[in-house]
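*Asks:* Let's see this in three dimensions:
(chains A, B, C, D, E and F)
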4 protein chains.
Amino acid sequence: MSSPVHSRPRVEGEREEQILDAAVRLLLEVGYDRLTLDAVALEARASKATLYRRWRGKAEIVVDAIARTKRCGGSVDPDTGTLRGDLMAMACCDGGLTDDAPLSVVAGLMSAMKHDHELTRAIQERFLAPRIQIGRIVFERAQRRGEIEPDVDIELLFDVLPGMVMNRRLVLGKPVDEDFIAHVIDDVVLPAARRSSPAVPTHTSNREEIWNVS
Amino acid sequence: MSSPVHSRPRVEGEREEQILDAAVRLLLEVGYDRLTLDAVALEARASKATLYRRWRGKAEIVVDAIARTKRCGGSVDPDTGTLRGDLMAMACCDGGLTDDAPLSVVAGLMSAMKHDHELTRAIQERFLAPRIQIGRIVFERAQRRGEIEPDVDIELLFDVLPGMVMNRRLVLGKPVDEDFIAHVIDDVVLPAARRSSPAVPTHTSNREEIWNVS
Amino acid sequence: MSSPVHSRPRVEGEREEQILDAAVRLLLEVGYDRLTLDAVALEARASKATLYRRWRGKAEIVVDAIARTKRCGGSVDPDTGTLRGDLMAMACCDGGLTDDAPLSVVAGLMSAMKHDHELTRAIQERFLAPRIQIGRIVFERAQRRGEIEPDVDIELLFDVLPGMVMNRRLVLGKPVDEDFIAHVIDDVVLPAARRSSPAVPTHTSNREEIWNVS
Amino acid sequence: MSSPVHSRPRVEGEREEQILDAAVRLLLEVGYDRLTLDAVALEARASKATLYRRWRGKAEIVVDAIARTKRCGGSVDPDTGTLRGDLMAMACCDGGLTDDAPLSVVAGLMSAMKHDHELTRAIQERFLAPRIQIGRIVFERAQRRGEIEPDVDIELLFDVLPGMVMNRRLVLGKPVDEDFIAHVIDDVVLPAARRSSPAVPTHTSNREEIWNVS
DNA sequence: CAATAAACGAGACGGTACGTCGAGTCTTCCT
DNA sequence: AGGAAGACTCGACGTACCGTCTCGTTTATTG
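*Replies:* Down below sits the predicted model:
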């Protein structure tokens, strides 16, 4: 037969995006651990073999999926002029900390990360790294502006907001809205930014990976 | 009368404890998502039917298991005289924030919580509630001592440490040791404790549960 | 408390009958292999322990149940004056070959008999033996009357009707009514009765039990 | 090219045959009701999912298994020239009435047939139908030869031997050997064949199915 | 008539098989 | 040549039933 009902895209990467779109669609519908690869394959009119040809498993597909779609929260520098403005902008945009989708997905991936170091690396590189990069830029700029004391550990400060959001949303099950973000920024981050750390020296074991502890 | 080879305990909850002990044992060996109920049943010389008679599934057994074994980090008030001392004591003891086991388990349960509200309630009541209770006591005492400014939101402050520990350990994959705990306490919690919140009013939607949003 | 709502009968055999009645009731409802002992215990307001105190298992309870309730087909000699009349009377009464209940139960017990020789013996003694006894009386009387040739093997003749009924009902799934019984008697049993066996000598291995072949 | 360790057959039905072979092997070892599908799956290096993809349950697998392996007793017309010879040949060959295996399996299936009409149909079509077909041919030929009186009901006659064999083997637990077969043929089947049915008209409800009576 | 031992109801338990589901692999056919 | 389709193995899931066992109570029999 000569007229194919639906053409099969062959351009490298185009098919990939369609599959990831399907994954995202289902991810938002049913969440990470209700997501099945059969469903992804069906939704994308793809074969499971194709999925496993490009990714190592369910977790990596999902990592790619969320890394691709929600970029603004991690990869755009808002540069509003103040640290508070930057943090609010980063947290409250689509794909930011107030967005439930990436948060839930990260929750689903957490236990898988314990055993799968490849997956961990993938998450680090594709999802975390860009966000951390922007975070560092924002905080360093604020420090240069004098909003953060010179001796404050920026690395630590940047993790306050994500950590507290995760805890609130995933552990406590409470909503994360702009009010909460502002609350944390105003009452935890900014106070910590303006007060230099006391006698205790900078934490030394800061960078060590421990994922390889079995 | 001949002595029975393996006595069948009938005292209320005794069998339950044996099963949960087996669950804990395996949990520490293989982690949450490598844990199978068949293995628990085998380890406890129990039948799967018995497990399902008492619990609704793997997640609830695990909740009970960790809630029963690791108590000191949540249910003992150290009362060292200072907020810093109390927080360090709570975090660094067995079952505290530096203990990998409960952290990993919580990670495994997170995605299950999205769909299973019974499980969520179980975790809230059995695992979180006692720890939160002690935390509140510690922080209120510190506030009465003047270590925390009167208008600081204690609820928020208490979530800083768990949130940042989770983020570091489960997301970033970095180790959580006493140094890190001290770093967070000294450079984030205590500064935030001593500085009253600025213009922004107290976050209003603080208590709302959102687990019921499908 | 002094007024028991329902008294517990202790007279030996009375409780037994109540239990067997319950078993019969359920047997007719759901059939042999859908029957569970929990259901019997519940129906009889008895404990499973009681059941296992008196019987060795499900199969034996069922054997007792059918052996007790359906007696007329096996233990009453109709003595109508003719072989045909006797056979019709035996087959068409309640508990006889046209009665579905005992037939179905026997079907359910068949595969259990392969492995359980105690059960086999129980069925032989409690269910089969009385019927065979009456059958032999009826056939011997007919032979004395001359309705059956003197050299015909009565044992074989008596098994024609049960065998063909079982085959029709249980294997072919066709109904067994009086017409069919009459058809078999008139066209198979009686012709065989009036014609002496030819050259072939009487089958010698007639009585050997083979249930003990593993 | 490297030779695959265990080739995965994809030719239609080939995998099916391997599974059924395994089922037959285990069936002969342990019998019908000791047979487990896990064992079949293990023996065939198959997954239970595969079994349930092709069959609806244990009973249907077994039906297919016995229908496939034991054909000679049912699907080969011996045509020895005499009714007696034909019957002896059919009964005494492998898979015939003297073969214990199919008999035991039928016994195991009987009670399942009460509830499962799909299974009943499967047995009828796959196992019984071919045997009945050959039986009819043999008897019709004998009737044309004059060995059976013209007005004798062939259908009834053909069921004498299977019925009596089943009764002897499964109910009475006695062995079925060539002697017994000959005894039945000579003393029951052949006398009935040569004597026309008396007054009683042909049984009218002969064909009705009653499996649907709940 | 009270004490005692046997028998009982209730039902939890270990064990085993069931039938289902999803992950990841592999083969065949089609485009 | 490469992808869609989907069958396949593996292994965990949650359920059901059997036969055993323990517990606390009732009953019949003794002192």
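*Asks:* Please count neighbours and contacts with C-alpha atoms only from this point.
*Replies:* Fine.
*Asks:* Show me what residue of chain A gets nearest to chain C.
*Replies:* A:R34 (35.0 Å; C-alpha to the nearest C-alpha).
*Asks:* That residue: neighbour count?
*Replies:* Neighbour count of A:R34, defined by other C-alpha atoms under 10 Å in any protein chain shown: 15.
*Asks:* what about A:P130, helix or strand, and which?
*Replies:* When elements are defined using DSSP states H and E, A:P130 is found to belong to helix A:129-145.
*Asks:* Tell me which residues of that helix come out buried.
*Replies:* Buried positions in helix A:129-145, judged by neighbour count with 16 or more other C-alpha atoms under 10 Å in any protein chain shown: A:P130, A:R131, A:I132, A:I134, A:G135, A:R136, A:V138, A:F139, A:E140, A:R141, A:A142, A:Q143.
*Asks:* Helices of chain A, residue ranges please.
*Replies:* A:14-30, A:37-43, A:48-54, A:58-69, A:72-75, A:83-92, A:100-115, A:117-122, A:129-145, A:154-166, A:178-184, A:190-194 (DSSP state H).
*Asks:* how about a markdown table for those, with distance to DNA strand F and mean pLDDT added?
*Replies:* Output for the helices of chain A, formatted as a markdown table (distance: least, C-alpha to the nearest atom of the strand, whole Å; pLDDT from 0 to 100):
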| stretch | distance to DNA strand F | mean pLDDT |
| --- | --- | --- |
| helix A:14-30 | 7 | 91 |
| helix A:37-43 | 6 | 96 |
| helix A:48-54 | 4 | 94 |
| helix A:58-69 | 14 | 87 |
| helix A:72-75 | 29 | 58 |
| helix A:83-92 | 35 | 95 |
| helix A:100-115 | 14 | 86 |
| helix A:117-122 | 20 | 84 |
| helix A:129-145 | 28 | 93 |
| helix A:154-166 | 26 | 96 |
| helix A:178-184 | 35 | 97 |
| helix A:190-194 | 44 | 94 |
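*Asks:* Out of these, flag the one nearest C:I148.
*Replies:* helix A:37-43 (72.8 Å; C-alpha to C-alpha).
*Asks:* Can you name every helix or strand that the closest one contacts?
*Replies:* helix A:14-30, helix A:48-54 (3 or more C-alpha pairs under 8 Å, 6 or more residues apart in numbering or on different chains; DSSP states H and E).
*Asks:* So which of those helices has the densest surroundings on average?
*Replies:* helix A:14-30 (a mean of 18; mean count of other C-alpha atoms under 10 Å in any protein chain shown).
*Asks:* how far does it sit from the chain's center?
*Replies:* 17 Å (C-alpha atoms, centre = their mean, to the nearest Å).
*Asks:* do stretch A:187-196 as well
*Replies:* 24 Å.
*Asks:* Identify the residues contacting that stretch?
*Replies:* For stretch A:187-196, contacts defined as C-alpha atoms under 8 Å, 6 or more residues apart in numbering or on different chains pick out A:84, A:147-152, A:157, A:160-161, B:152, B:157, B:187-189, B:191-192, B:195-198.
*Asks:* Only the buried subset of these, as a ChimeraX command please.
*Replies:* To isolate the buried members of these in ChimeraX, using 16+ other C-alpha under 10 Å:
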select /A:84,147,148,149,152,157,160,161 /B:152,157,187,188,189,191,192,195,196,197
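*Asks:* ok, back up a step: gap between the helix holding A:P130 and the chain center?
*Replies:* Distance, stretch centre to chain centre, for helix A:129-145: 16 Å (C-alpha atoms, centre = their mean).
*Asks:* Packing partners of it?
*Replies:* Using 3+ C-alpha pairs under 8 Å, 6+ apart: helix A:129-145 touches helix A:72-75, helix A:83-92, helix A:154-166.
*Asks:* send the alpha carbons of it over as CSV?
*Replies:* In CSV, the C-alpha atoms belonging to helix A:129-145 read as follows (Å, rounded to 0.1, in the frame of the first residue of the first chain):
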residue,chain,number,x,y,z
ALA,A,129,23.3,20.6,36.9
PRO,A,130,21.6,23.3,34.8
ARG,A,131,19.5,24.4,37.8
ILE,A,132,22.5,24.5,40.1
GLN,A,133,24.5,26.4,37.5
ILE,A,134,21.9,29.2,37.4
GLY,A,135,21.6,29.1,41.1
ARG,A,136,25.3,29.6,41.5
ILE,A,137,25.2,32.6,39.1
VAL,A,138,22.3,34.2,40.9
PHE,A,139,23.9,33.8,44.3
GLU,A,140,27.4,34.9,43.2
ARG,A,141,25.9,38.0,41.7
ALA,A,142,24.0,38.7,44.9
GLN,A,143,27.2,38.2,46.9
ARG,A,144,29.0,40.6,44.6
ARG,A,145,26.1,43.1,45.1
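*Asks:* how near is A:V176 to C:R54?
*Replies:* Shown here: A:V176 relative to C:R54, a distance of 65 Å by C-alpha to C-alpha, to the nearest Å.
*Asks:* actually A:K48, not the one I typed
*Replies:* Distance from A:K48 to C:R54, by C-alpha to C-alpha: 58 Å.
*Asks:* try A:L83
*Replies:* 83 Å.
*Asks:* Tell me the residues on chain A that lie near DNA strand E, please.
*Replies:* Neighbours of DNA strand E within chain A, by C-alpha under 7 Å from any atom of the strand: A:1, A:4, A:34-38, A:48-49, A:52, A:56-59.
*Asks:* Just send those residues back as JSON lines, with distance to A:P102 too.
*Replies:* What follows is those, written out as JSON lines (distance: C-alpha to C-alpha, whole Å):
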{"residue": "A:M1", "distance to A:P102": "43"}
{"residue": "A:P4", "distance to A:P102": "37"}
{"residue": "A:R34", "distance to A:P102": "15"}
{"residue": "A:L35", "distance to A:P102": "14"}
{"residue": "A:T36", "distance to A:P102": "18"}
{"residue": "A:L37", "distance to A:P102": "19"}
{"residue": "A:D38", "distance to A:P102": "22"}
{"residue": "A:K48", "distance to A:P102": "24"}
{"residue": "A:A49", "distance to A:P102": "26"}
{"residue": "A:Y52", "distance to A:P102": "23"}
{"residue": "A:R56", "distance to A:P102": "20"}
{"residue": "A:G57", "distance to A:P102": "18"}
{"residue": "A:K58", "distance to A:P102": "16"}
{"residue": "A:A59", "distance to A:P102": "13"}
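*Asks:* Pick out whichever of those sits closest to D:L170.
*Replies:* Nearest member of these to D:L170, counting by C-alpha to C-alpha, is A:D38, at 48.5 Å.
*Asks:* Just list the residues touching the closest residue to the closest one other than its chain neighbours, thanks.
*Replies:* Leaving aside its sequence neighbours, A:D38 sits nearest to A:K48 (C-alpha to C-alpha, 6 or more residues apart in numbering or on different chains; 6.7 Å). A:K48 is in contact with A:L37, A:D38, A:A41, counting by C-alpha under 8 Å, 6+ apart.
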